[in-house]
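Student: predicted structure and sequence below. I'll ask about it afterward.
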Amino acid sequence: MHKRLIPLAILVLGVAAFLVLRVTAPEPATVVPQERRWRVETLPVSLADHVPLLPLYGEVTAPGRITVTAPLAARVAARPVRDGQRVEAGELLVALDEADVQPPLAQARAEVADLEAQVEAENVEHRSDLEALGREQELLDNARRQWERTRSLVERNLVSRADLDAARNELARARVTVATREGQIAGHPARLKSLEARLARARAALSAARRDAERSRVVAPFDGVVSGVRVAKGDQVAARAELLDIYPSDGLELRARLPQRYQPELLAALEAEERLFATGEDGSRWILEGLAGESDPAGTEAIFRQLGERVGLRPGSLLPVRLQRTPAPATLAVPQSALYGDDALYVVDEESRMRHLAVTRRGLVDGPEGQQWALVAGSALEESQRVIITHLPNAIQGLLVEPVEAPEAP
């Protein structure tokens with residue numbers, strides 16, 4: 001009986017001990033929840049005038065490119081240059097065979113000499129006709145007087161009628177001779193004009209032959225680079241066939257597509273005669289000359305002229321450049337991470353909380369360590385503010401933050 005009560009007694013003692021410990025246990029401390037602080041980097045707002053940069057992607061062109069063509073059908077006698085070779089002004093580029101060049105020139109000279117002789121012969125013949133006409137007029141007068149005398153004698157029956165017919169025939173022959181001579185003299189201006197016209201054509205052909213002969217030996221008109229070589233020594237080429245190209249080494253242009261929204265700004269700068277420069281990734285420098293005369297929905301081509309000479313640039317090359325736009329007053333440079341979208345950033349208020357600010361993006365500027373920072377402006381930006389440059393995925397108005405220092409703005 002007593003053995004059965006022992007387990008029950010142990011259970012009662014355990015429950016009693018638990019109740020005593022619970023009653024005598026100390027009260028737990030009250031836990032107050034604390035709001036998390038997000039550690040962020042900030043920059044002080046310092047408004048200043050900045051020069052925004054506009055990234056563009058353009059193609060190098062050579063507006064001064066010249067295409068050398070063959071003036072006549074001939075064989076290529078010499079081509080001492082190669083594609084891509086730099087040449088100086090006056091250096092021989094290509095020469096055609098003199099055996100093909102000289103015969104057309106000699107033929108043109110002979111044609112001119114022949115027609116000059118014909119013109120001189122016509123003038124000599126005209127002077128001769130004028131002299132002969134005077135003598136033939138005298139013969140006509142004599143024949144007329146002889147006919148009149150013979151007619152008078154026939155009326156008095158002193159001579160036969162056969163003598164009258166002979167005098168009449170002599171008068172008719174004299175009249176025909178004078179009329180023929182007068183016709184020759186009257187036709188002289190027309191014949192002379194025709195010969196002079198043929199002579200003018202022959203002289204023009206001679207000038208063309210001389211020009212072709214001079215152009216058969218082509219020298220570089222300026223310091224430049226040879227490109228597009230299409231022939232070799234010994235080739236037979238047709239008239240007007242393209243032989244090679246040459247472009248000035250210091251006359252390259254860059255054509256880059258400009259978005260429509262930047263056109264009014266750049267046109268105003270050009271009208272004000274502002275000098276806007278662009279720099280390529282290869283170190284080349286360009287100056288904005290103007291905008292192309294035609295446009296399309298994607299934009300208008302901006303035309304840049306090369307400053308100085310940059311070895312390695314070739315027409316057709318694609319080159320990224322950054323255009324220095326007109327200065328933007330009262331703007332702030334911030335890292336790209338500070339922006340939310342294109343028109344918002346956050347500042348730290350007096351209670352160390354994030355406050356949303358609306359801004360306008362004005363372009364890009366060079367930041368530290370080769371980075372590109374965004375250039376923004378806004379009426380709500382003030383010098384006493386600090387901009388949060390740490391990008392928070394959960395950024396909202398009023399979020400508690402812990403600001404730390406950040407690199408200085410450019």
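Tutor: Perfect, I can see it now. Source: prediction; values computed, not measured.

Student: mind listing what the closest residue to Pro315 other than its chain neighbours touches?
Tutor: Computed as C-beta to C-beta, 6 or more residues apart in numbering, the closest residue to Pro315 that is not its neighbour in sequence is Ala62, at 4.3 Å. All C-beta spots, glycine's among them, are computed from the backbone N, C-alpha and C. By C-beta atoms under 8 Å, 6 or more residues apart in numbering, the contact set of Ala62 is 247-248, 251-253, 315.

Student: between these, which has the most around it?
Tutor: Leu252 (25 neighbours; other C-beta atoms under 10 Å).

Student: I'd say that one and Thr61 touch.
Tutor: Yes: contact criterion C-beta atoms under 8 Å: Leu252 and Thr61 qualify, at 7.1 Å.

Student: find residues that contact each of these two.
Tutor: Common contacts of Leu252 and Thr61 (C-beta under 8 Å, 6+ apart): Pro315.

Student: quickly list what Leu345 is bridged to.
Tutor: On the basis of DSSP bridges, Leu345 is bridged to Leu357.

Student: quick check: it vs Gln385, distance?
Tutor: Distance of Leu345 to Gln385, computed by C-beta to C-beta, to the nearest Å: 10 Å.

Student: ranges for the strands of the stretch 251-400 of the chain?
Tutor: For the stretch 251-400 of the chain, the strands defined by DSSP state E, counting those that start in this stretch cover 253-258, 277-280, 285-296, 299-307, 318-324, 328-334, 344-348, 354-358, 360-366, 372-377, 386-388.

Student: got those strands as TSV, with distance to Arg215 and mean pLDDT columns?
Tutor: TSV is the format used below for the strands of the stretch 251-400 of the chain (distance: least, C-beta to C-beta, whole Å; pLDDT from 0 to 100):
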stretch	distance to Arg215	mean pLDDT
strand 253-258	27	91
strand 277-280	37	90
strand 285-296	32	87
strand 299-307	29	89
strand 318-324	35	90
strand 328-334	54	89
strand 344-348	66	91
strand 354-358	67	90
strand 360-366	51	87
strand 372-377	52	89
strand 386-388	68	89
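
Student: which among those is found nearest to Ala174?
Tutor: Evaluated over these, closeness to Ala174 peaks at strand 285-296, with 77.8 Å, by C-beta to C-beta.

Student: show me what the closest one is packed up against.
Tutor: Here strand 285-296 is seen to pack against strand 253-258, helix 263-271, strand 277-280, strand 299-307 when contacts are counted using 3 or more C-beta pairs under 8 Å, 6 or more residues apart in numbering; DSSP states H and E.

Student: quick one: the third one to chain centroid distance?
Tutor: The gap between the average C-alpha position of strand 277-280 and the chain average comes to 17 Å, counting by C-alpha atoms, centre = their mean, to the nearest Å.

Student: what residues sit buried inside that strand?
Tutor: Judged by neighbour count using 16 or more other C-beta atoms under 10 Å, the buried positions of strand 277-280 are 278-280.

Student: of all the helices and strands packed on strand 285-296, which one is nearest Pro80?
Tutor: Judged by C-beta to C-beta, the one of the helices and strands packed on strand 285-296 that comes nearest to Pro80 is strand 299-307, at 27.6 Å.

Student: check what contacts that closest one and list those residues.
Tutor: With C-beta under 8 Å, 6+ apart, strand 299-307 has contacts from 56, 58, 250-260, 263, 266, 277-278, 284-292, 294, 313, 321, 323.

Student: can you list the strands that it pairs with?
Tutor: strand 253-258 (antiparallel), strand 285-296 (antiparallel).

Student: just send those strands back as TSV, with distance to Ser194 too.
Tutor: As requested, the strands paired with strand 299-307 are exported to TSV (distance: least, C-beta to C-beta, whole Å):
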stretch	distance to Ser194
strand 253-258	52
strand 285-296	49
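
Student: hang on, the earlier thing: higher neighbour count, Leu345 and Gln385?
Tutor: Leu345 (25 against 17).
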